[in-house]
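K.L.:
Mind folding the following:
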Amino acid sequence: MTKLSVNINKVATLRNARGGDVPNVVKVALDCELFGADGITVHPRPDERHIRYTDVWELKPLLKTEFNIEGYPSKEFIELVTGVKPHQVTLVPDPPEALTSNAGWDTVKHLEYLKDVVAGFKSAGIRVSIFIGTDLKMMEYAAKTGTDRVELYTEPYATDYPTGREKAVLPFVASAKLARELGLGLNAGHDLSLENLSFFNTRVPWLDEVSIGHALISDALYFGLENTIKRYKEQLI
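P.N.:
Here you go, the predicted model:
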């Protein structure tokens with residue numbers, strides 16, 4: 001069964017809008033675990049507009065499930081992750097000003113850089129995943145970095161799903177098959193939702209984990225957090 005990691009960035013965004021501590025990010029993360037989430041994901045950015053570095057430190061000793069920290073491997077990010085030592089770090093090629101993740105790594109262009117970063121995290125005992133698109137050459141070079149896993153960037157799938165789900169998923173199936181052949185673990189994330197998740201999981205049966213934030217937290221406004229997590233887990237059976 002594919003694991004569900006809940007990205008709690010949007011909870012922090014709501015908290016930061018008022019400058020207080022409501023909703024409490026740590027309590028929401030622990031509740032997500034209680035309600036069945038298999039992991040918690042955070043994506044701290046340099047301007048700390050949602051998750052703060054202090055949140056990351058506070059979460060680590062309290063979480064009972066898998067902790068995944070994603071982000072661009074700046075000097076500050078690397079220091080944070082190696083200090084906190086989560087179960088997994090997901091490397092995302094976002095520039096500091098990016099609103100959200102919008103592309104995978106060019107693993108050909110950044111091969112040597114990624115090799116160094118991956119080796120550093122692995123030497124600290126942290127599993128590494130690289131955020132990547134469906135270009136098969138990029139997948140081949142991702143394997144050359146020494147990464148443990150890749151995370152497929154699924155926004156193109158989500159965008160095209162309403163008008164043709166079979167066509168939308170085909171590049172992801174091909175990319176997933178190659179990842180498997182190369183011995184890479186497989187994650188996925190970005191714009192996966194209750195509408196499109198089950199089909200993706202069925203067609204890409206080697207998924208280890210999906211990371212979902214925006215859609216899940218938005219759905220929780222209508223269904224409640226516990227019921228929403230249950231609904232997402234049902235899509236992954």
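K.L.:
all contacts plus neighbour counts: C-alpha atoms, from now on.
P.N.:
Noted.
K.L.:
Can you tell me who the residue nearest the centre of the chain pairs with across the strands?
P.N.:
Centroid-nearest residue in the chain, with C-alpha atoms, centre = their mean: residue 211, separated by 4.2 Å. Note on residue 211: beta-bridge partners by DSSP bridges are residue 5, residue 189.
K.L.:
what's it in contact with, if anything?
P.N.:
Applying C-alpha atoms under 8 Å, 6 or more residues apart in numbering to residue 211 gives the contacts 4, 5, 6, 7, 41, 187, 188, 189, 190.
K.L.:
Now do the same for the third one: its pLDDT.
P.N.:
Yep, that's residue 6 we're talking about. pLDDT, residue 6: 98.
K.L.:
Over to the last one?
P.N.:
If you check residue 190, the pLDDT there is 95.
K.L.:
give the contact list for it.
P.N.:
101, 153, 154, 155, 211, 212 are the contacts of residue 190 under C-alpha under 8 Å, 6+ apart.
K.L.:
ok, now the first one?
P.N.:
Residue 4 makes contact with 37, 38, 39, 209, 210, 211, 212, 232, 233 under the criterion C-alpha under 8 Å, 6+ apart.
K.L.:
With the fifth one instead?
P.N.:
With contacts taken as C-alpha under 8 Å, 6+ apart, residue 41 has the following neighbours: 5, 6, 7, 8, 67, 68, 69, 70, 211.
K.L.:
Would you map the strands across this protein?
P.N.:
Taking DSSP state E, the strands of the chain run over residues 3-7, 39-42, 66-71, 88-91, 127-132, 149-153, 185-189, 209-212.
K.L.:
Can you tell me which of these is nearest to residue 23?
P.N.:
Closest to residue 23 of the strands of the chain, according to C-alpha to C-alpha: strand 3-7, at 14.8 Å.
K.L.:
about what we covered before: what's the closest of the contacts of residue 41 to residue 49?
P.N.:
residue 8 (12.8 Å).
K.L.:
What separation do you get for that closest one and residue 218?
P.N.:
Going from residue 8 to residue 218 by C-alpha to C-alpha, to the nearest Å gives 11 Å.
K.L.:
Among these two, which residue is more densely surrounded?
P.N.:
The neighbour comparison of residue 8 against residue 218 (other C-alpha atoms under 10 Å) goes to residue 8, with 24 against 15.
K.L.:
OK, contacts around that one?
P.N.:
25, 28, 29, 40, 41, 42, 213, 217.
K.L.:
Helices of the chain, residue ranges please.
P.N.:
9-18, 25-34, 53-59, 75-84, 111-123, 136-144, 155-160, 165-181, 197-203, 214-223, 225-234 (DSSP state H).
K.L.:
List just the one of these that sits closest to residue 93.
P.N.:
Taking C-alpha to C-alpha, helix 111-123 is the member of the helices of the chain nearest to residue 93, at 10.6 Å.
K.L.:
what's that closest one in contact with?
P.N.:
For helix 111-123, contacts defined as C-alpha under 8 Å, 6+ apart pick out 73, 82, 89, 107, 127, 128, 141, 142, 144, 145, 146, 147.
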